[in-house]
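**Q** Sharing a model that was predicted from the sequence below.
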Amino acid sequence: MKRTLLSLLMLLFVANIAWADNACQLSDEESQKAKLLLNAIFKTVDATHYTGVALNDEYSERVYNLFLKKLDYQKRFFTQEDLADFERYKHKIDDLIKNESFDFFEMVNNRLNDRIAASKEIYQSILAQPFDYTDGGVFETNPEKRDFAIDENDRPNKWEKVLEYAVVSRMATKIKEQEEALEKGDTEVEQKDKETLEVEAREKVLKNYDSWFSRLEKVENIDRLGSYFNAMVQAYDPHSSYFLPKKKEDFDIRISGKLEGIGATLQEKDGYITVTKIVPGSPSYLQGELEATDKILKVGQGDEEPVDVVDMRLDEAVRLIRGKKGTVVRLSVKKKDGSQKVIPITRDIVVLEETFAKSALLEKEENNYGYIYLPRFYADFKNKKNGRHCSDDIRKELIKLKKENIEGLVFDLRSNGGGSLSDVVKMAGLFIEEGPIVQVKEKNERIKSHSDTDKSVVYNGPLVVLVDNFSASASEILAAALQDYDRAIIVGSNATYGKGTVQRFYDLDRAVVGQSDMKPLGSVKVTTQKFYRINGGTTQLKGVTPDVILPDEFSYIEKVGEKELDYVMGWDEIPASKYSEWDELPDSRKVAKWSKSRLKKDEVFKQIDENAERIGNFEDDTDFSLDLDVYLNELCEREEQAAKIKDLAQPISGLDVMPIESDWASIEGDSLKVELTEKWHEDLQKDVYINEAISILNDIL
């Protein structure tokens, strides 16, 4: 009855709507800026891209696929009828670009706005009625396996599956929490029946979707245009992108590891900009009054009239709160007890410490080893004189560790997504006397070698480099160079990510003369070069294969890495550079043999491998039952297996993790930094990959 009523309601709803694809065209000002951007982007990308792309039907299809995928990857809004309408532009976008026409964009943008408005009616209607959580059915969680709704009448059926899955999964979580509380005798967790849990789950899902749709309704034409231009640039290759000015600012913060602001992590929740975390050592931390859970109501610049930020988009509010060092921002906040307060904070440079290199001492079997973790290859290019660079930081960490008389070093590049190419060359030079580090091939086919010319070596002892499937780009260059020189034993999963291309940012304002009223236009990140190992092979697609391969959760999963992206560049090779191998390490094949023998007896790695195989088997098993009891059984089975792996993370006997004395002296007066450091050391002490790296160092010794 519920479905029949819903279908009738939707028939009436659809019958009274005339879909007007031109009802919300770009304004004259938006259209003028869009054309200016279009010309600036193609002028820049065509002149600089490594391979270039012909504007033809194939290119048009790439843009078409990327744009629709970006807008509706989950297949919740568009229908097959919509796609049939869009289809006429599939091979004409190249012509539209040449004619400076945005007909396809406007059609898709307007249709999406219509579908979002209609979807709000749909999900609210569905969530107003109880679900029958015993009638079976399944929900496919992988969007690529799902179909778009046939037409607008079919969309409620698709939405019902999405929402029922959200409710059932939330109910299952609450039921498990109640069962665990009952087992522990925890009386604070109220035991509720399934009917009550179903009502509460629907209310929570409704609240979450209301919040999401509130954000969707704030999306502006310029944001969607940004996605459209991004599809045009990514059709060249997956690492070329268009950045709106605000997106470029965020990127610069990530790559430099610092920003000018107050040092608080924010999120938009229920219409409020809410504080979720205070960065240790930041202006907010030192001022002391701003706390996690505070809701920001207004933002004032110095003595100026404050601006109301309730229901404002998060990115817009953040830009009001950020500002130049030394300026004052006044935040009107609502505390968790309901009281309100104005908090003045003087902005300063906020250093995001978790993005920087750090080190520790590892002691096992009376041997003393060093450990360095590098989360990314960061560099502050704007501040040329005093900017922070990862190569300088690694040099400092090495010097500190050498003073501790370490006998070997573990250099951790796991999940390091890359960054500054120049810092890779300098960093590799810390471990070798001199020589080529990476070869770079440019658009004009010219090959250039980047070399270390400093004969000094900061660290010349045994070295193990840890990598994984998500060690990418600059991480792969460093690992490849140290492997080719036979300077280090590379340890990790099957292969690294496989990103062997170099990107450069271009400010589009420089491509346009005058038109200052239209600026800023943003930036394009363009693939301008491809890099190659000194042995001649590129890291593109294939990545770096470790000398010692250890099992991890991705060991049996094929869909990971560069090869899974759209429109990637291929693998090739060029002549090798001239270089001399390091002659102080044992044959890596012997080291791998010793490690393999050790792993056969290691129960933890055995279980990691078994779990990886199980995860591999689940890779294509992506549909879940909508029957609550069946779903609970499926969930319990998977969680039991996951718990086994979690239980393996225990402190490793005989492994001690300690801070470097000089580091500890600088933080011991700050209780929060001490707590964070101790937590990090606890995690290191449970890391079986670090433990095996130490065993490999011991083999080398």
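**A** Here it is on my side, so go on.
**Q** pLDDT below threshold where in the stretch 301-450 of the chain?
**A** Residues of the stretch 301-450 of the chain that meet the criterion pLDDT under 70 lie in 351-352, 384.
**Q** Please disregard the earlier target; I meant the chain.
**A** 1-24, 248-260, 270, 280-281, 351-352, 384, 642-646.
**Q** most centrally placed residue in it?
**A** When CA atoms, centre = their mean is applied to the chain, the residue found nearest the centroid is residue 417 (9.3 Å).
**Q** ok, now how distant is residue 621 from residue 73?
**A** As judged by CB to CB, to the nearest Å, residue 621 and residue 73 stand 21 Å apart. Heads up, the C-betas are built off the backbone N, CA and C, glycines and all.
**Q** Tell me the first helix or strand C-terminal of the top strand by length along the chain.
**A** Scanning the chain for the strand with the most residues, using DSSP state E, yields strand 523-532. The helix or strand immediately downstream of strand 523-532 is strand 548-549, counting by DSSP states H and E.
**Q** how many other residues sit next to residue 614?
**A** 15 (other CB atoms under 10 Å).
**Q** What of the one 5 residues further on?
**A** Neighbours of residue 619 under the rule other CB under 10 Å: 14.
**Q** Now do the longest strand of the chain: which elements does it pack against?
**A** helix 28-48, helix 221-234, strand 241-243, strand 435-442, strand 501-507 (3 or more CB pairs under 8 Å, 6 or more residues apart in numbering; DSSP states H and E).
**Q** any chance of those in JSON lines, with distance to residue 396 and mean neighbour count too?
**A** Shown next, in JSON lines, are those (distance: least, CB to CB, whole Å; neighbours: other CB atoms under 10 Å):
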{"stretch": "helix 28-48", "distance to residue 396": "35", "mean neighbour count": "17"}
{"stretch": "helix 221-234", "distance to residue 396": "38", "mean neighbour count": "21"}
{"stretch": "strand 241-243", "distance to residue 396": "32", "mean neighbour count": "24"}
{"stretch": "strand 435-442", "distance to residue 396": "20", "mean neighbour count": "21"}
{"stretch": "strand 501-507", "distance to residue 396": "27", "mean neighbour count": "18"}
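**Q** nearest to residue 185, of those?
**A** Residue 185 sits nearest to helix 221-234 of all these, at 51.2 Å, using CB to CB.
**Q** can you give me how far that closest one is from the chain middle?
**A** Distance of helix 221-234 from its chain centroid, counting by CA atoms, centre = their mean, to the nearest Å, is 19 Å.
**Q** Could you dump the helices and strands packed on strand 523-532 into TSV and include distance to residue 429?
**A** Output for those, formatted as TSV (distance: least, CB to CB, whole Å):
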stretch	distance to residue 429
helix 28-48	28
helix 221-234	34
strand 241-243	31
strand 435-442	7
strand 501-507	19
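**Q** what helices or strands is the longest helix belonging to the chain leaning on?
**A** Determined from DSSP state H, the single longest helix within the chain is helix 155-184. Applying 3+ CB pairs under 8 Å, 6+ apart, one finds that helix 155-184 contacts helix 2-15, helix 103-126, strand 138-140, helix 194-217, helix 628-648.
**Q** Need the winner for burial among those.
**A** Of these, the one with the most neighbours on average (mean count of other CB atoms under 10 Å) is helix 103-126, at a mean of 19.
**Q** quick one: residue 546 and residue 688, what's the gap?
**A** 16 Å.
**Q** Tell me which of the two has more neighbours.
**A** Shown here are residue 546 and residue 688; by other CB under 10 Å, residue 546 has more neighbours (24 against 18).
**Q** wait, that one sits on residue 488?
**A** No. Using CB atoms under 8 Å, residue 546 is not in contact with residue 488, being 10.5 Å away.
**Q** Residue 578 should be in a helix, yeah?
**A** No. Assessed with DSSP: H, G, I helix; E, B strand; the rest coil, residue 578 is coil; it does not lie in a helix.
**Q** Report the contact partners of it.
**A** By CB atoms under 8 Å, 6 or more residues apart in numbering, the residues touching residue 578 are residue 436.
**Q** try 10 Å
**A** By CB atoms under 10 Å, 6 or more residues apart in numbering, the residues touching residue 578 are 435-436, 449, 534.
**Q** CSV for these, including distance to residue 631?
**A** Listed next are the contacts of residue 578 as CSV, based on distance: CB to CB, whole Å:
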residue, distance to residue 631
435, 58
436, 56
449, 57
534, 53
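**Q** mind saving the C-alpha coords of stretch 511-530 as CSV?
**A** What follows is stretch 511-530, C-alpha atoms only, in CSV (Å, rounded to 0.1, in the frame of the first residue of the first chain):
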residue,chain,number,x,y,z
ALA,A,511,46.8,33.8,-19.2
VAL,A,512,44.3,36.7,-19.5
VAL,A,513,45.3,40.3,-20.1
GLY,A,514,43.1,42.8,-18.3
GLN,A,515,39.6,41.7,-17.3
SER,A,516,40.5,42.3,-13.6
ASP,A,517,36.8,42.5,-12.7
MET,A,518,36.5,38.8,-13.7
LYS,A,519,39.5,37.6,-11.7
PRO,A,520,40.6,35.5,-9.8
LEU,A,521,40.0,32.7,-12.3
GLY,A,522,41.6,29.9,-10.4
SER,A,523,44.4,27.6,-11.5
VAL,A,524,45.0,24.5,-13.6
LYS,A,525,47.2,21.6,-12.5
VAL,A,526,48.7,20.1,-15.7
THR,A,527,50.7,17.0,-16.3
THR,A,528,53.8,18.4,-17.9
GLN,A,529,56.4,15.6,-17.5
LYS,A,530,56.7,11.8,-17.0
